[in-house]
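Peer 1: coords please:
(one chain, ligands or ions: 2)
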Amino acid sequence: VPAIQAQLLTKEYSNGRGCRDVTITVEKGEAFGFLGPNGAGKSTFVKMLAGLIRPTSGSAALFGHPIGTLAAKSKIGYLPELYRYQEWLSGEEVVRLHARLCNIEKSVADRRIPELLKEVGLGLRGRDRVKHYSKGMQQRLGLACALVNDPELVFLDEPSSALDPIGRMEVRTILERLKQRGITIFLNSHLLEDVEVLCDRMALLNNGEILRHGKVSEILNKR
Ligand code: ADP
Ligand code: ADP
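Peer 2: Ligands and ions are numbered 1, 2, ... in the order given. Next up, the predicted model:
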């Protein structure tokens, strides 16, 4: 079964906006780019897949499990756009909080949290308060949180858009490692370069609708 299968997935907010009739398939282990300008509907789509908002119509499944079900949710990690942290906590405490919210056993969390912090390059800064973190560090902390339940699929909503070039490169390196480990990646971005570097296939979204989708190389070379 594919990692993601969405069929005519539609969300219409009360103001008429959202996203319309999105049909895509993402295979296991693939990195899929969802490219489009601000307001295109990328976040809306990902929030539906992550089970955070309900579709108006259409259907979707993750690894064969309908979206919104516990079985689907247990397999995914989600990094929201502009995540706000409890900034009086340390990075380590933030990840621990996420582990608790995911019902992860303490002994498992004790082992996994230091590994995760190391993986996102925060191994030496885990005890520092989040309020002393740069934007790039906060975003990498968000990645650690998204990975805390050892997901097979991660949804990343504009993970590097607010970062400077160095921060962007650091996030990109982490994402490339995740991909090599076989984790399926769904990347929302308005940055062509991020999609180009990481993704195998992509969809181009505008005004809530897919304009085209296919192999990154084919779409970006066509005019
Ligand atoms: P729904 O029709 O799905 O219930 P609503 O239009 O009632 O959605 O809005 C849900 C929430 O999103 C509200 O808290 C609202 O303030 C907020 N919201 C409304 N418009 C926007 C927007 N353009 N972008 C982001 N959030 C919005
Ligand atoms: P993107 O992630 O591509 O920037 P969004 O999914 O956030 O796009 O938004 C798609 C459209 O839906 C935009 O026009 C946005 O203003 C609108 N929108 C997003 N959230 C809400 C909401 N809760 N209520 C009403 N409109 C919304």
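Peer 1: mind naming the longest helix for the protein?
Peer 2: helix 165-180 (DSSP state H).
Peer 1: tell me the buried residues in that helix?
Peer 2: Residues of helix 165-180 classed as buried: Gly167, Arg168, Glu170, Val171, Arg172, Ile174, Leu175, Leu178, Lys179 (neighbour count, 16 or more other CB atoms under 10 Å). Using the backbone N, CA and C atoms, a C-beta is placed for each residue, glycine as well.
Peer 1: what about the closest residue to Ser57 other than its chain neighbours, distance to Gly208?
Peer 2: Nearest non-adjacent residue to Ser57, counting by CB to CB, 6 or more residues apart in numbering: Thr10, 4.7 Å away. Per CB to CB, to the nearest Å, Thr10 is found 9 Å from Gly208.
Peer 1: re the thing from before, just put the buried residues of helix 165-180 in TSV and tack on pLDDT.
Peer 2: Formatted as TSV, those follow (pLDDT from 0 to 100):
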residue	pLDDT
Gly167	93
Arg168	94
Glu170	94
Val171	95
Arg172	95
Ile174	97
Leu175	97
Leu178	97
Lys179	97
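Peer 1: near ligand 1, which residues of this structure?
Peer 2: Contacts of the chain with ligand 1, taken as CB under 6 Å from any ligand atom, map to Tyr13, Ser14, Asn15.
Peer 1: among the residues you listed, which lie within helices?
Peer 2: Short answer: these have none in helices (DSSP H).
Peer 1: which one of the residues you listed is nearest Leu70?
Peer 2: Using CB to CB, Tyr13 comes nearest to Leu70 of the residues of the chain next to ligand 1, at 26.0 Å.
Peer 1: tally of neighbours for the closest one?
Peer 2: By other CB atoms under 10 Å, the residues close to Tyr13 number 11.
Peer 1: quick one: residues contacting it.
Peer 2: The neighbours of Tyr13, taking CB atoms under 8 Å, 6 or more residues apart in numbering as the test, are Thr44.
Peer 1: what's the neighbour count on Leu205?
Peer 2: Applying other CB under 10 Å, we find 24 residues neighbouring Leu205.
Peer 1: more crowded one of Thr10 and Gly208?
Peer 2: It is Gly208, of Thr10 and Gly208, that has more neighbours when counted by other CB under 10 Å, with 22 against 19.
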